[in-house]
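Asks: sharing a model prediction with you, sequence too.
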Amino acid sequence: MNLKIGIVGLPNVGKSTLFNALTNAGALAANYPFATIEPNVGIVPVPDERLDVLAKMYETEKIVPATVEFVDIAGLVKGASKGEGLGNQFLAHIRECQAICHVVRAFKNGDIVRADNVPEDDIVKQAKDDIDIINLELQLADDETKAKIAAKRKKDPNDENIPFLTDKPVIYMFNVDENGLTDKDLQEKLRDLVKPNEAIFVNAKLEEEMSDMDREERKEFLESYGVKDDALGELIKAAYKTLGLQSFLTAGKKECRAWTIKKGATAPEAAGTIHTDFERGFIAAQICNYDDLKKLGSEQAVKQAGKLRTEGKTYVMQDGDVVEFKFNV
Ligand SMILES: Nc1nc2c(ncn2[C@@H]2O[C@H](COP(=O)(O)OP(=O)(O)O)[C@@H](O)[C@H]2O)c(=O)[nH]1
Ligand SMILES: [Mg+2]
């Protein structure tokens, strides 16, 4: 499953700063050859400490984390749907994404000009205005698409399944300054603006400054600001929650790997993410729980403790299942 998240927001809110921070953090999070496909597209490994534990246990040659693709989508400005700025170029990018990360400026800095030149005295009010502008543009873009479909349908009735922008799940990322990172009162007010969507609070500039630190260092550094996880960790957590995703793991000498699936997926569906043949020829899944495996130290010990289960076609996968599929092709 290729998870793709589009970063949108008004100009100068910190989208590119965040994109750089996310892709850098990802490059450092694992020995994964992270790829910048285009300057604004990056594939980032999902940080997962469980893989390191498994790799040690199985003396694995290779770790393959789950990945997320981020796209820095510029061009959304007031009037974009009417051709302002880059016009509608952002549409195609957003359509391809499963979720939108809407970056909202919530930091004070008089030097960085807001798109509309409104003086900043009320962060919450500014944030609300900015959010409304973007959401209106997305709505207008959808209206236009609907009108086009309606016009086309008279000639060609086969145009179904249009992914509307306003149907995409949105995670709001408030780009706060150092004070905002610990200002619970401000965070509550901002969170209220976007309920029931997920809201996360990051300092994009600070994150970018941590670019050359390793993951441990950056955690310590962030902790000194009262922050538990970095932007990559926070955003991925929020995305998995919003999209109802979880991961399962496969482990062996050749590779240890994390796979992303929907919550509620059955064992054959999970097998299908590895290979369609695994789903078609599914016989059973041999499963143990990651925590048991970590505690007991080896697959053998898990087996002896009676905690290695054989599950059939109707089994519903749980987060952290370590799985070996039996199949027949
Ligand atoms: N003070 C402060 N400045 C920021 C922050 N994030 C971005 N900036 C600055 O805001 C300007 C625009 O940032 P950029 O990431 O290019 O915004 P974009 O237009 O949304 O991609 C740059 O000068 C950044 O250094 C932040 O968290 N705090
Ligand atoms: Mg930018």
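Replies: Nice, I can see it. Keep in mind it's a predicted model, so treat the numbers as computed, not measured. Ligands and ions are numbered 1, 2, ... in the order given.
Asks: the residue lying closest to E234 once chain neighbours are set aside: what secondary structure?
Replies: Nearest residue to E234, sequence neighbours excluded (C-beta to C-beta, 6 or more residues apart in numbering): I200, at 4.6 Å. From N, CA and C alone the C-beta is placed, and that goes for glycine too. Following DSSP: H, G, I helix; E, B strand; the rest coil, the label given to I200 is strand.
Asks: shouldn't T60 be within a helix?
Replies: No. Under three-state DSSP, T60 sits outside any helix and is assigned coil.
Asks: who's the closest spatial neighbour of it, skipping the chain neighbours?
Replies: T60's closest residue in space is C256 (C-beta to C-beta, 6+ apart), at 4.6 Å.
Asks: per-residue pLDDT, I112?
Replies: If you check I112, the pLDDT there is 61.
Asks: and the residue of the stretch 51-200 of the chain found nearest ligand 1, what is it in contact with?
Replies: Nearest residue of the stretch 51-200 of the chain to ligand 1 (C-beta to the nearest ligand atom) works out as N109 at 3.9 Å. Neighbouring residues of N109 by C-beta atoms under 8 Å, 6 or more residues apart in numbering: D177.
Asks: can you list the residues of the protein near ligand 2?
Replies: Within the chain, the positions lying close to ligand 2 (C-beta under 5 Å from the ion) are K15, S16.
Asks: pLDDT below threshold where in the chain?
Replies: Per-residue confidence for the chain (pLDDT under 70) gives these ranges: 1, 25-38, 85-87, 110-121, 155-160.
Asks: what segments of it are strands?
Replies: Counting by DSSP state E, the chain has strands at residues 3-8, 35-38, 41-45, 63-64, 67-72, 99-106, 170-176, 198-202, 245-250, 256-262, 282-289, 309-311, 321-327.
Asks: same list, the ones you listed, but as JSON lines with mean neighbour count and distance to E188 please.
Replies: Formatted as JSON lines, the strands of the chain follow (neighbours: other C-beta atoms under 10 Å; distance: least, C-beta to C-beta, whole Å):
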{"stretch": "strand 3-8", "mean neighbour count": "22", "distance to E188": "24"}
{"stretch": "strand 35-38", "mean neighbour count": "12", "distance to E188": "36"}
{"stretch": "strand 41-45", "mean neighbour count": "22", "distance to E188": "30"}
{"stretch": "strand 63-64", "mean neighbour count": "17", "distance to E188": "39"}
{"stretch": "strand 67-72", "mean neighbour count": "22", "distance to E188": "28"}
{"stretch": "strand 99-106", "mean neighbour count": "26", "distance to E188": "13"}
{"stretch": "strand 170-176", "mean neighbour count": "24", "distance to E188": "12"}
{"stretch": "strand 198-202", "mean neighbour count": "22", "distance to E188": "10"}
{"stretch": "strand 245-250", "mean neighbour count": "22", "distance to E188": "27"}
{"stretch": "strand 256-262", "mean neighbour count": "21", "distance to E188": "31"}
{"stretch": "strand 282-289", "mean neighbour count": "19", "distance to E188": "36"}
{"stretch": "strand 309-311", "mean neighbour count": "14", "distance to E188": "43"}
{"stretch": "strand 321-327", "mean neighbour count": "19", "distance to E188": "36"}
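Asks: hey, where'd the helices end up in the protein?
Replies: 15-29, 49-57, 89-95, 123-153, 178-182, 184-194, 204-209, 215-223, 231-243, 267-274, 276-280, 290-296, 299-304 (DSSP state H).
Asks: compile the ones you listed into a markdown table and extend it with columns for distance to ligand 1 and mean neighbour count.
Replies: Listed next are these as a markdown table, based on distance: least, C-beta to the nearest ligand atom, whole Å; neighbours: other C-beta atoms under 10 Å:
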| stretch | distance to ligand 1 | mean neighbour count |
| --- | --- | --- |
| helix 15-29 | 3 | 22 |
| helix 49-57 | 27 | 16 |
| helix 89-95 | 12 | 17 |
| helix 123-153 | 11 | 16 |
| helix 178-182 | 9 | 15 |
| helix 184-194 | 14 | 15 |
| helix 204-209 | 4 | 20 |
| helix 215-223 | 14 | 15 |
| helix 231-243 | 10 | 20 |
| helix 267-274 | 33 | 21 |
| helix 276-280 | 39 | 15 |
| helix 290-296 | 35 | 16 |
| helix 299-304 | 45 | 14 |
